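[1] Make a model of this:
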Amino acid sequence: EVQLQASGGGLVQAGGSLRLSCLASGFTFDDLSIGWFRQAPGKEREGVSCFSSSLRDTYYANSVKDRFIMTIDGAENTVYLQMNSLKPEDTAVYYCAADEFCGSVDFTYWGQGTQVTVSS
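    Modelled structure (predicted):
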């Protein structure tokens, strides 16, 4: 059974940093791609970053490029999202999710969200 557990959210001032973690079980990163998504109140779900299991590459939304870094720890089956230079517009519930391919917001497997709040 595929399970994903995200953690690490919190309240941070603008310009600060947070690191989110996503513990995965029931699959490996050779089997499925894994992505980070976020959803702010009143807005649609947005893809933040995605590691492609087939292409072995990581992709980022333009809004977070050069500020967020996604890393994979295959030994621990954990994915991290290091978020730097945070802005109030980064405030959202963040989710990790897994599916065969990157490129969609309609992933098959989802973890529970973790709230990130950035104060101005």
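[2] for this structure, what are the low-confidence residue spans?
    Low-confidence segments of the chain, defined by pLDDT under 70, are absent; every residue clears the threshold.
[3] And the residue nearest the centre of it, how close does it get to Gln82?
    If you average the C-alpha coordinates of the chain and look for the closest C-alpha using Cα atoms, centre = their mean, you land on Trp36, 2.2 Å from that point. Counting by Cβ to Cβ, to the nearest Å, the gap between Trp36 and Gln82 amounts to 11 Å. To be clear about C-beta, it is placed using only N, CA and C from the backbone, and glycine gets the same treatment.
[4] Now do the shared contacts for the two.
    Among the neighbours of Trp36, those also in contact with Gln82 (Cβ atoms under 8 Å, 6 or more residues apart in numbering) are Met70.
[5] show me what contacts the residue lying closest to the residue nearest to the centre of the chain once chain neighbours are set aside?
    Counting by Cβ to Cβ, 6 or more residues apart in numbering, Trp36 lies nearest to Val48, which is 4.3 Å off, once chain neighbours are set aside. Contact criterion Cβ under 8 Å, 6+ apart gives Gly35, Trp36, Phe37, Arg38, Tyr60, Ala61, Val64, Phe68, Leu81, Tyr94 as the residues in contact with Val48.
[6] ranges for the strands of this protein?
    With DSSP state E as the definition, the chain shows strands at residue ranges 3-7, 10-13, 18-25, 33-39, 46-52, 57-60, 68-73, 78-83, 92-99, 109-110, 114-119.
[7] residues of the last one that come out buried?
    Right, the one you point to is strand 114-119. By 16 or more other Cβ atoms under 10 Å, the buried positions in strand 114-119 come out as Thr114, Val116, Val118.
[8] Let's have those residues in CSV, adding distance to Gly74.
    Output for those, formatted as CSV (distance: Cβ to Cβ, whole Å):
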residue, distance to Gly74
Thr114, 22
Val116, 25
Val118, 30
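[9] Return the closest of those residues with respect to Phe29.
    When the buried residues of strand 114-119 are ranked by distance to Phe29 (Cβ to Cβ), Thr114 comes first, at 19.8 Å.
[10] wait, doesn't the closest one sit right on Leu81?
    No - contact criterion Cβ atoms under 8 Å: Thr114 and Leu81 do not qualify, at 9.9 Å.
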